[in-house]
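> After the sequence you'll find the predicted model.
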Amino acid sequence: MATPVTMPVLGLTMEEGTVAEWLKTEGATVAKDEPLLTVEMDKGTVEVPSPAAGVLLRIVVQPGNTVPVRTLIAEIGAPGEAPSPSGGPGDLPPIEAMAHDAVASMSPPAAASRLFASPRARMRAREVGIALGGLRGSGSHGRIVEADVVAASTPERVRTTPLARRLAEEHGLSIANLKGTGPGGRVTQDDVLRARQASDVQPLSRIRRITAERMAVSAQAAARVTLFVEADFAEAARFRTQLEPEFARLGVPKLPWDAIVARAAALTLAEHPAVLAQWVDGQGLRTASDVHVGVAVTLEPEGLVVPVLRDANKQSLRELAGNLLDLVARARAGRLSPAEMQGGSFSVTNLGSYGIDGFTPILNPPETAILGVGRIAEKPIVLNGAIVARTMCTLSLSFDHRVVDGAPAAAFLARLAQLLERPYALLGI
């Protein structure tokens, strides 16, 4: 019996995903847990492993198409096995289909407004400025193909004024795509100017839209408070300079500041487990003892992922640095697995490389706290009655006051700063 491949749930707030690329073709042999496809989600593009070994019998959802989570996107079976009777893109496995039908009986189906278009059709639509929502697809299962876009963009006899046509050419607009408001539907210069203003508004990418939604929910749901402390990083800078050559000799090419901070945070979390607790709406607090530290990684051209260092308090600084370097490299290559971005109990985000001294980080739900790391630089301070230059860093702890009160949160931040000011304790001495 064929094994269904469904759009995975890659995060707590994920509702749909876009198939970015199939790494196997129909009829190809695939091993269990071998990378099968890449999926674009709110945290970027990630690889999805195969749920079974066998042959990729059929691909249901083509690249560039977006479907709800748990929707059937492919099938894997034994060599020579026939795929199950096919429907259109977005088939649901039997159990999921029953749930889908139950929901559909109560509300209009979300898939009714979902667009299925080939990547070339989407690219051509962007080039000629045509909205795919107004097109009828001639491909299989009503899929919009490039020919549909070309046909829709072929100008017919469009009535317009010479001034409107000249303005449209200057602004790179197609008269054929403009709605005329003049007599008899004539396109006027006002129609062109309105279209030019509308083209200045850039639609949100999927990543930016979902990130904005999540951050807004986080800001509104939690009783967020932020504490700041100036930590003396002079010893930590010397410590890092001394250790990096030794780490390189042992196979870890460098010692990132984020690894040092994550190690200090992990040890401090083990001493202050109250910061690991999480708020559960309508129920209370969920306590935790596992220390899983997420480290924010910026993606280009946009996006943010938070790979998780599991049991960070049980890893040596060298192990943690090596694991972090590996996670960051694979995150920027889009090679992180979903499991590597889930289950964090605390996060670290660093804006120091941008010259930022201090900031108020947004909580990463359902976590209770997040540490912001600012610029590490020499600053004038008073030491033993004299003004001297010391390597300083501003640490900012945002936390949910529903879970942790100010005093224990302050004690946590003070201990964290103390460990970073006495960095040799990070070696487990």
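Everything's here; your move.

> Quick one: mean pLDDT over the top strand by length along the chain.
As assigned by DSSP state E, the longest strand anywhere in the chain is strand 386-400. Taken as a whole, strand 386-400 has a mean pLDDT of 96.

> From the contact counts, what lies against that strand?
strand 224-232, helix 234-249, strand 369-373, strand 377-383, helix 406-421 (3 or more C-beta pairs under 8 Å, 6 or more residues apart in numbering; DSSP states H and E). Placement of C-beta: from N, CA and C, glycine included.

> ranking these by burial, who's on top?
Mean neighbour count (mean count of other C-beta atoms under 10 Å) peaks for strand 369-373 among these, with a mean of 26.

> Go ahead and name everything in contact with that one.
257-258, 261, 265, 275, 346-352, 358-364, 393, 395-400, 404, 409, 412, 416 (C-beta atoms under 8 Å, 6 or more residues apart in numbering).

> Buried ones among those residues?
257-258, 261, 265, 275, 346-352, 358-359, 361-364, 393, 395-400, 404, 409, 412, 416 (16 or more other C-beta atoms under 10 Å).

> which residues of the stretch 151-300 of the chain score low on pLDDT?
151, 153-159, 184, 198-208, 210-211, 214 (pLDDT under 70).

> For it, which segments count as strands?
Under the criterion DSSP state E, counting those that start in this stretch, the stretch 151-300 of the chain contains strands at 224-232, 278-280, 284-286, 293-295, 297-298.

> Dump those to JSON lines, plus distance to residue 174.
Formatted as JSON lines, the strands of the stretch 151-300 of the chain follow (distance: least, C-beta to C-beta, whole Å):
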{"stretch": "strand 224-232", "distance to residue 174": "47"}
{"stretch": "strand 278-280", "distance to residue 174": "52"}
{"stretch": "strand 284-286", "distance to residue 174": "56"}
{"stretch": "strand 293-295", "distance to residue 174": "46"}
{"stretch": "strand 297-298", "distance to residue 174": "36"}
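
> looking at those, which is closest to residue 178?
Of all those, it is strand 297-298 that lies closest to residue 178, at 38.8 Å by C-beta to C-beta.

> Quick check: phi and psi on residue 348?
phi -120, psi 130 (degrees, to the nearest 10).

> Let me fix that, I meant to ask about residue 143.
According to degrees, to the nearest 10, residue 143 has phi -70, psi 140.

> does it really touch residue 120, like I thought?
No - between residue 143 and residue 120 there is no contact under C-beta atoms under 8 Å: 11.5 Å.

> Mind splitting this structure into its structural domains?
According to automatic domain parsing, the chain comprises the domains 3-113, 119-199, 224-427.

> of all those domains, which lies closest to residue 209?
When these are compared by C-beta to C-beta, domain 3-113 sits nearest residue 209, at 8.2 Å.

> looking at the strands of the stretch 151-300 of the chain, which is closest to residue 339?
Of those, nearest to residue 339 by C-beta to C-beta is strand 293-295, at 12.8 Å.

> which other helices and strands contact that closest one?
Going by 3+ C-beta pairs under 8 Å, 6+ apart, strand 293-295 lies up against helix 257-271, strand 308-309, helix 317-332, strand 346-350.

> so how many other residues sit close to residue 123?
Residues within reach of residue 123, counting by other C-beta atoms under 10 Å, total 13.

> For it, give me the backbone phi and psi.
phi -60, psi -50.

> before we move on, the earlier item: which one of the strands of the stretch 151-300 of the chain lies nearest to residue 3?
Closest among the strands of the stretch 151-300 of the chain, using C-beta to C-beta: strand 293-295, at 31.5 Å.

> Just checking: what are the partner strands of that closest one?
In the sheet, strand 293-295 lines up against strand 308-309 (antiparallel), strand 346-350 (parallel) (DSSP bridges).

> Kindly reformat those strands as CSV containing distance to residue 130 and mean pLDDT.
What follows is those, written out as CSV (distance: least, C-beta to C-beta, whole Å; pLDDT from 0 to 100):
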stretch, distance to residue 130, mean pLDDT
strand 308-309, 42, 96
strand 346-350, 40, 97
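
> closest one to residue 36 among those strands?
Closest to residue 36 of the strands paired with strand 293-295, according to C-beta to C-beta: strand 308-309, at 22.5 Å.

> Looking only at neighbour counts, state which of residue 143 and residue 120 leads.
The neighbour count for residue 143 versus residue 120, taken as other C-beta under 10 Å, is higher for residue 143 (18 against 13).

> What separation is there between that one and residue 131?
16 Å (C-beta to C-beta, to the nearest Å).

> which residues does residue 280 contact?
If you count contacts by C-beta under 8 Å, 6+ apart, residue 280 has them with residue 286.

> beta partners of it?
With DSSP bridges as the rule, residue 280 is bridged to residue 284.

> what does residue 295 give?
residue 348.

> would you turn the helices and strands packed on strand 293-295 into TSV with distance to residue 232?
Output for the helices and strands packed on strand 293-295, formatted as TSV (distance: least, C-beta to C-beta, whole Å):
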stretch	distance to residue 232
helix 257-271	13
strand 308-309	25
helix 317-332	19
strand 346-350	18
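
> closest one to residue 380 among these?
That would be, of these and by C-beta to C-beta, helix 257-271, which comes in at 21.7 Å.

> If you count contacts, what does that closest one end up packed against?
Using 3+ C-beta pairs under 8 Å, 6+ apart: helix 257-271 touches helix 234-249, strand 293-295, helix 317-332, strand 346-350, strand 369-373, helix 406-421.

> how about the ones you listed in JSON lines, adding distance to residue 282?
Putting the helices and strands packed on helix 257-271 into JSON lines (distance: least, C-beta to C-beta, whole Å) gives the following:
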{"stretch": "helix 234-249", "distance to residue 282": "43"}
{"stretch": "strand 293-295", "distance to residue 282": "26"}
{"stretch": "helix 317-332", "distance to residue 282": "34"}
{"stretch": "strand 346-350", "distance to residue 282": "24"}
{"stretch": "strand 369-373", "distance to residue 282": "22"}
{"stretch": "helix 406-421", "distance to residue 282": "24"}
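
> With that, I have no additional questions.
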